[in-house]
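Engineer: Structure here, sequence nowhere to be found:
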Ligand code: ADP
Ligand code: MG
């Protein structure tokens, strides 16, 4: 049975984060705290970055969700995620696929540290997001997560170079460094000759390439792409998927959220969602217990079956 859509909420295929308290447009017109100013990595707890992705011996996991639930308040409350566990290693290209209302956007917000789980644990580059303050989360997002949205969200008054360079403001780079990093990223997506163009002078596919360059410019640990071809015609969409595959081959870690089975089928790994649960994962990679976390509870040991979606324990 499908969870009923909430009035006023976009339960369709579009999954832009809804404006919420504390969200404000970033310098590039982005919708979200994704680009909210805040301290860079230096603002994070001491040692957090030096520690890297986790204790020695762990896989290089950049994202881990352990029994994550998210329930939106209301009468009745809406259980959007009902116990989701998976992990993503550096260098993976993963599709999260499911029909409207299955919880994809909710999951994207949690993976992007734009929201926190009701219960369960979300770790990004080994950091438990529940333990971080808002400024620390902003720093983590700026340094470790790149966002690509269906609607591109480019600043119309800025050149392509400016759009991408602005994304590096929050990682503490100086102007020359930002512009150089932006030019490199734009070259990587095939727009090296369009540095001075404005978004209005670009095709939809080119705009999305700018958005992808912006997401990649800071060398994030994870790129989250929400229906990245949703506003593009078929052929242009294919070229964007080809680009994502190339970037993956180059080592980028990319998670694509989509309702489209055909798009998901092109990704090496597909995580299928239905009614707030994972119903299939073609390459399960369990989150591993951390020393301070009671290994039995997380039930993920070498040689054991992966975590399976379960109702949260009462
Ligand atoms: P999808 O992106 O797969 O369409 P969502 O994560 O948007 O799924 O939604 C999952 C469920 O949670 C749906 O029933 C939706 O109506 C509900 N939901 C999503 N966001 C909110 C919100 N902010 N408040 C209340 N209910 C919400
Ligand atoms: Mg959605």
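Structural biologist: Nice, I can see it. Model, not experiment: these values are computed from the prediction. Ligands and ions are numbered 1, 2, ... in the order given.

Engineer: what about residue 88, how many neighbours?
Structural biologist: 24 (other Cβ atoms under 10 Å). C-beta here means a position set from N, CA and C on the backbone, and glycine is covered the same way.

Engineer: need the contact list for the closest residue to it other than its chain neighbours.
Structural biologist: Closest residue to residue 88 apart from its sequence neighbours, by Cβ to Cβ, 6 or more residues apart in numbering: residue 63 at 4.3 Å. Going by Cβ atoms under 8 Å, 6 or more residues apart in numbering, residue 63 touches 87-88, 111, 122-124, 222, 255.

Engineer: Mind listing the strands the helix or strand where residue 71 lies pairs with, and their directions?
Structural biologist: Element membership for residue 71, per DSSP states H and E: strand 61-72. Applying DSSP bridges, strand 61-72 is found paired with strand 78-89 (antiparallel), strand 119-124 (antiparallel).

Engineer: Okay, residue 211 and ligand 1: tell me how far apart.
Structural biologist: In this structure, residue 211 and ligand 1 are 19 Å apart, going by Cβ to the nearest ligand atom, to the nearest Å.

Engineer: How about residue 126?
Structural biologist: 25 Å.

Engineer: likewise residue 197?
Structural biologist: Separation of residue 197 from ligand 1 (Cβ to the nearest ligand atom): 32 Å.

Engineer: Then residue 171?
Structural biologist: Residue 171 is 29 Å from ligand 1, by Cβ to the nearest ligand atom.

Engineer: Just the pLDDT at that residue, thanks.
Structural biologist: Residue 171 carries a pLDDT score of 79 in this model.

Engineer: shouldn't it be in contact with residue 218?
Structural biologist: Yes: judged on Cβ atoms under 8 Å, residue 171 makes contact with residue 218 at a distance of 4.9 Å.

Engineer: the more surrounded of the two?
Structural biologist: Between residue 171 and residue 218, counted using other Cβ under 10 Å, the more crowded position is residue 218 (23 against 19).

Engineer: Helix, strand, or coil at the more buried one?
Structural biologist: Applying DSSP: H, G, I helix; E, B strand; the rest coil to residue 218 yields a three-state assignment of coil.

Engineer: Please renumber the chain so that the first residue is 55 from this point on.
Structural biologist: Okay, residue one is now 55; in that scheme the one you just asked about reads as residue 272.

Engineer: Touching, it and residue 196? I think so.
Structural biologist: Yes: using Cβ under 8 Å, residue 272 is in contact with residue 196, at 7.1 Å.

Engineer: For the stretch 105-254 of the chain, which segments are assigned as strands?
Structural biologist: All strands of the stretch 105-254 of the chain, identified by DSSP state E, counting those that start in this stretch, fall at 115-126, 132-143, 147-151, 173-178, 181-182, 199-203.

Engineer: May I see those strands organised as CSV, with mean pLDDT and distance to ligand 2 added?
Structural biologist: CSV is the format used below for these (pLDDT from 0 to 100; distance: least, Cβ to the ion, whole Å):
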stretch, mean pLDDT, distance to ligand 2
strand 115-126, 97, 13
strand 132-143, 97, 10
strand 147-151, 98, 10
strand 173-178, 97, 18
strand 181-182, 96, 25
strand 199-203, 95, 11
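
Engineer: Serialize those to TSV and add fields for distance to residue 211.
Structural biologist: Shown next, in TSV, are those (distance: least, Cβ to Cβ, whole Å):
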stretch	distance to residue 211
strand 115-126	34
strand 132-143	36
strand 147-151	33
strand 173-178	32
strand 181-182	35
strand 199-203	19
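
Engineer: what about the helices in this structure?
Structural biologist: For the chain, the helices defined by DSSP state H occupy 158-165, 188-198, 214-220, 229-242, 258-270, 288-303, 315-319, 349-352.

Engineer: how many other residues sit next to residue 182?
Structural biologist: Residue 182, neighbours per other Cβ under 10 Å, totals 15.

Engineer: In contact with the most centrally placed residue in the chain, which residues are there?
Structural biologist: The centroid of the chain falls nearest to residue 278 when counting by Cα atoms, centre = their mean (2.9 Å). By Cβ under 8 Å, 6+ apart, residue 278 lies in contact with 162, 165-166, 199-202, 309, 311.

Engineer: Relative to residue 234, which of the residues you listed is nearest.
Structural biologist: Among the contacts of residue 278, residue 200 lies closest to residue 234 (Cβ to Cβ), at 17.8 Å.

Engineer: surely that closest one meets residue 267?
Structural biologist: No: using Cβ under 8 Å, residue 200 is not in contact with residue 267, being 9.6 Å away.

Engineer: could the helices of the chain be laid out in CSV, adding mean neighbour count?
Structural biologist: Putting these into CSV (neighbours: other Cβ atoms under 10 Å) gives the following:
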stretch, mean neighbour count
helix 158-165, 24
helix 188-198, 21
helix 214-220, 25
helix 229-242, 18
helix 258-270, 25
helix 288-303, 16
helix 315-319, 16
helix 349-352, 12
